[in-house]
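Asker: Have a look at this fold, sequence not included:
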């Protein structure tokens, strides 16, 4: 009786230990990074924006940062006409056809988080990593403003930025679920 | 062999001036008693040639800018540093590391990384986040596999003349490293994590989303290439191999892998996605593709007679099962010979015996992979997508269409796409 009552517990313990076994490291090579090391390296921002740091910025502040950080030296004072990529949409697009505005990040990106993330990780080129979170919010706000995505008085922060409805939010095709041994496109003979 | 040695030693003593770079093989003709009419030139020995060999000065095959005529920027502004491999001169399946295509945004993009300082971090939805030094990675069980990498922009057009211009943004090397699955299992992947996000060390820290199923299947954290360390242009000291996927996924200077529960839509992801779901599917995993490298555009046949047609076939879907060649513009097809082992997601060399009768004709190749996917012609793709076929037609997704070469009666070879 006693044993039978214990059986489910024993089984549970057995299951727990066997799955723990399957999960334990085989080689024991490598080191556990500290939480601080992970925090310093983990710059990934997803569309939900939940990884965004505290901070805030507006288009007006962003225009000043754009000057102060000399973004215009490479991208042009108004986001076009210099040697690096243009940052302001091309003529010809419309809300009905936002792709025609061109592959310009602050207009084509499906989520404003992609713009924030890229400025944060890569700009200003050769001086990456020197922007504060406030500056990245402000620059994102400025670039979205000159592309007519947000109004001049909008404040971007960790809450408002992921809420921005980019014109291309729903126009990106989903990548197929990948499984081993799968042809590229079902029903496509080639 | 042993009996030849005294001869050689005697010769060396007597001819010290000649001894420089001579090998036993080069001495052979002297033994052959045939009087030599012309003096042989020798490559002067040097410390460099002892330390790291060079090819003959008569071999001049080099990479070129891609797209043809563009300027691969050595600086931070050119916005392309795409250089294409000289496939028309290739033999076998391995692209020499020096000739491997490069696809990056700028020449100055290539970081100069001290491998002793380099770390790979695995974190996110794992039981145990881990960092590895290069030395630690090399302690783990390794695998060596041959795989191609192909750039999304590798497409043929009527104005591209040579196989390098039409197809040079693919290359194939032997890669050595640790299976990504080993590292992920060391860290212990939690349930509900269908994606990983990989990131490089260069200034914009290029980052791509890869399905966990692919990560566990055959991805490789590679430190070796063609028998030595990776080249800086290929991601030294560490790159991710994502066999059969579009080139951009093969993250160079790999420093971080985050295990995540959703699609992150990184800058790289965003830049390569499209609106059309069929095109998106066709651009993800490279389709079955082949090209005849000899005779190919820009080459000349000296006259009628026997030639072995030679080419490369590859597919992101696995191994090449079959290659067919047509020497009459696609009316008749015959099986080509697959040379050696057809590895999965690797260039595969094929050959086809051909007697050219000296009249104008068109050569084509098409391949079939282990999934039964067959390489289409441009006309077939256009018909499937119900769009007109013309010079400006672009194959949706990634161009894996059949490449026709026209052999003119004077022996010159031309791109036959019109």
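Answerer: Done, it's in. Predicted, not measured: the structure shown is a model, and the values here were computed from it.
Asker: Does residue B:351 lie in a helix or a strand, and which?
Answerer: Secondary structure assignment for residue B:351, by DSSP states H and E: strand B:348-356.
Asker: contacting residues for the residue of chain A found nearest chain B?
Answerer: Minimum separation of chain A from chain B (C-beta to the nearest C-beta) falls at residue A:122, amounting to 3.3 Å. Where C-beta positions appear, they are placed from N, C-alpha and C, glycine not excepted. Neighbouring residues of residue A:122 by C-beta atoms under 8 Å, 6 or more residues apart in numbering or on different chains: A:128, B:203, B:204, B:205, B:267.
Asker: go again using 10 Å as the cut-off
Answerer: Contact analysis of residue A:122 by C-beta atoms under 10 Å, 6 or more residues apart in numbering or on different chains lists A:128, A:129, B:202, B:203, B:204, B:205, B:206, B:207, B:267.
Asker: Kindly report the same for residue B:67.
Answerer: Neighbours of residue B:67 in contact, by C-beta under 10 Å, 6+ apart: B:80, B:82, B:84, B:153, B:155, B:157, B:159, B:160, B:165, B:169.
Asker: which among the contacts of residue A:122 gets closest to residue B:301?
Answerer: Among these, residue B:206 lies closest to residue B:301 (C-beta to C-beta), at 43.3 Å.
Asker: is it true that residue B:216 lies in a helix?
Answerer: Yes: the assignment for residue B:216 (DSSP: H, G, I helix; E, B strand; the rest coil) places it in a helix.
Asker: Tabulate the contacts of residue B:67 in JSON lines, adding columns for neighbour count and distance to chain A.
Answerer: JSON lines is the format used below for the contacts of residue B:67 (neighbours: other C-beta atoms under 10 Å in any protein chain shown; distance: C-beta to the nearest C-beta, whole Å):
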{"residue": "B:80", "neighbour count": "18", "distance to chain A": "12"}
{"residue": "B:82", "neighbour count": "24", "distance to chain A": "16"}
{"residue": "B:84", "neighbour count": "30", "distance to chain A": "22"}
{"residue": "B:153", "neighbour count": "16", "distance to chain A": "13"}
{"residue": "B:155", "neighbour count": "17", "distance to chain A": "15"}
{"residue": "B:157", "neighbour count": "16", "distance to chain A": "19"}
{"residue": "B:159", "neighbour count": "13", "distance to chain A": "23"}
{"residue": "B:160", "neighbour count": "21", "distance to chain A": "21"}
{"residue": "B:165", "neighbour count": "24", "distance to chain A": "23"}
{"residue": "B:169", "neighbour count": "25", "distance to chain A": "19"}
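Asker: Is the residue lying closest to residue B:295 once chain neighbours are set aside bridged to anything, and to what?
Answerer: Ranked by C-beta to C-beta, 6 or more residues apart in numbering or on different chains and with sequence neighbours excluded, the top spatial neighbour of residue B:295 is residue B:413, at 4.7 Å. Beta-bridge pairing for residue B:413 (DSSP bridges): residue B:407.
Asker: thinking again about what came up before, residues of the strand holding residue B:351 that come out buried?
Answerer: B:348, B:349, B:350, B:351, B:352, B:354, B:356 (16 or more other C-beta atoms under 10 Å in any protein chain shown).
Asker: re the thing from before, next step: the contacts of residue A:122 restricted to helices.
Answerer: residue B:267 (DSSP state H).
Asker: Next, count neighbours for residue B:185.
Answerer: For residue B:185, the tally of surrounding residues (other C-beta atoms under 10 Å in any protein chain shown) stands at 18.
Asker: correct me, but it touches residue B:141?
Answerer: No: using C-beta atoms under 10 Å, residue B:185 is not in contact with residue B:141, being 11.6 Å away.
Asker: any residues in contact with both of the two?
Answerer: Residues touching both residue B:185 and residue B:141 by C-beta under 10 Å, 6+ apart: A:26, A:27, B:179.
Asker: Among these, name the ones in helices.
Answerer: Per DSSP H, those never map to helices.
Asker: Now the buried members of those residues.
Answerer: The buried subset of the shared contacts of residue B:185 and residue B:141 (16+ other C-beta under 10 Å) comprises residue B:179.
Asker: Give me the subset of the shared contacts of residue B:185 and residue B:141 lying in strands.
Answerer: Those of these mapping onto strands are residue B:179, per DSSP state E.
Asker: Could you identify the least confident member of the shared contacts of residue B:185 and residue B:141?
Answerer: When these are compared by pLDDT, residue A:26 scores lowest at 91.
Asker: how many neighbours does the closest residue to residue B:389 other than its chain neighbours have?
Answerer: Distances taken as C-beta to C-beta, 6+ apart put residue B:382 closest to residue B:389, at 3.9 Å, once the chain neighbours are dropped. A count of neighbours around residue B:382, defined by other C-beta under 10 Å, yields 19.
Asker: ok now do residue B:382, which residues does it touch?
Answerer: Contact analysis of residue B:382 by C-beta under 10 Å, 6+ apart lists B:376, B:388, B:389, B:390, B:393, B:394, B:395, B:396, B:401.
Asker: Out of the residues you listed, which is nearest to chain A?
Answerer: residue B:376 (3.8 Å).
Asker: need the contact list for the closest one.
Answerer: A:188-190, B:287-289, B:366, B:382-384, B:395, B:400-402.
Asker: Please pick the buried ones from the residues you listed.
Answerer: Buried by 16+ other C-beta under 10 Å: A:188, A:190, B:287, B:288, B:289, B:366, B:382, B:395, B:400, B:401, B:402, out of these.
Asker: Alright, calling it a day.
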